[in-house]
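S.K.: Have a look at this fold, sequence not included:
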């Protein structure tokens with residue numbers, strides 16, 4: 001009798017016997033198939049870290065990954081998950097989708113700052129007038145003022161690209177801190193433009209900051 005057959009008997013009698021949780025089932029059937037975590041990860045098109053997290057009980061796979069596990073091992077989803085675990089899986093999957101959507105929004109907000117290199121939103125004094133010019137049209141300002149402008153816009157733009165590219169990056173620290181770093185960059189930008197008396201840029205970054213905070217609390 002194979003391990004999978006044993007699991008099926010346990011599942012059928014779960015109301016009488018000790019219930020086997022998903023992570024324990026995954027370890028058993030993976031070893032039954034003679035697969036390492038790396039090999040299973042390759043079959044499921046996920047990272048080895050993801051498989052390790054599932055097997056240690058620190059999380060559940062997405063619904064798509066669960067379907068692949070079911071296909072690879074030839075078992076049904078009902079045989080992999082109990083009722084409570086199915087509810088947890090749906091909740092976790094919805095949470096991941098919400099985080100992905102939030103990361104995309106934050107990434108788009110930050111990537112948008114690329115356009116600020118070229119839009120005429122910087123104030124330049126010309127006699128008694130104040131002209132609206134682009135960043136590279138600012139003339140006669142000191143380097144200690146100009147360089148922070150370039151740095152903060154570059155940082156925001158590059159970080160926005162990272163957020164979009166790494167939205168599915170399976171790293172706990174990245175998932176925990178990426179949006180907060182994005183918010184901090186917006187705060188720094190607001191402060192830089194307020195101190196240097198650039199009200200249009202300060203107001204625009206303040207709006208971006210408010211939108212990010214709204215997204216955080218909305219989630």
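M.R.: Looks like it came in fine. Please read these numbers as outputs of a predicted model, since none were measured by experiment.
S.K.: Could I get the full set of strands for the protein?
M.R.: Ranges of strands in the chain, per DSSP state E, are 122-126, 129-133.
S.K.: which of the ones you listed sits most buried?
M.R.: Of the strands of the chain, the one with the most neighbours on average (mean count of other Cβ atoms under 10 Å) is strand 122-126, at a mean of 15. To be clear about C-beta, it is placed using only N, CA and C from the backbone, and glycine gets the same treatment.
S.K.: Show me what it is packed up against.
M.R.: strand 129-133, helix 199-218 (3 or more Cβ pairs under 8 Å, 6 or more residues apart in numbering; DSSP states H and E).
S.K.: how about low-confidence regions in the protein?
M.R.: 1-20, 83, 170, 219 (pLDDT under 70).
S.K.: domain ranges for the chain?
M.R.: Using automatic domain parsing, the domains assigned to the chain come out as 3-81, 95-218.
S.K.: could I get the ones you listed as TSV with distance to residue 87?
M.R.: TSV is the format used below for these (distance: least, Cβ to Cβ, whole Å):
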stretch	distance to residue 87
domain 3-81	9
domain 95-218	13
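S.K.: Select, out of these, the one closest to residue 89.
M.R.: Distance to residue 89, taken as Cβ to Cβ, is lowest for domain 3-81 among the domains of the chain, at 4.7 Å.
S.K.: still on that earlier bit, out of the strands of the chain, flag the one nearest residue 190.
M.R.: Nearest of the strands of the chain (Cβ to Cβ): strand 122-126, 15.0 Å.
S.K.: Parallel or antiparallel, list what pairs with the closest one.
M.R.: If you go by DSSP bridges, strand 122-126 pairs up with strand 129-133 (antiparallel).
S.K.: what's the partner strand in contact with?
M.R.: Applying Cβ atoms under 8 Å, 6 or more residues apart in numbering, the contact partners of strand 129-133 are 120-125, 200.
S.K.: Touching, residue 69 and residue 80? I think so.
M.R.: Yes - Residue 69 is within contact range of residue 80, at 6.6 Å (criterion: Cβ atoms under 8 Å).
S.K.: intersection of neighbour lists for these two?
M.R.: residue 26.
S.K.: Spatially, what comes nearest to the most centrally placed residue in the chain if we skip its sequence neighbours?
M.R.: Centroid-nearest residue in the chain, with Cα atoms, centre = their mean: residue 167, separated by 4.1 Å. With Cβ to Cβ, 6 or more residues apart in numbering as the measure, residue 103 is the residue that lies nearest to residue 167, at 4.4 Å, once sequence neighbours are left out.
S.K.: Noted, bye for now.
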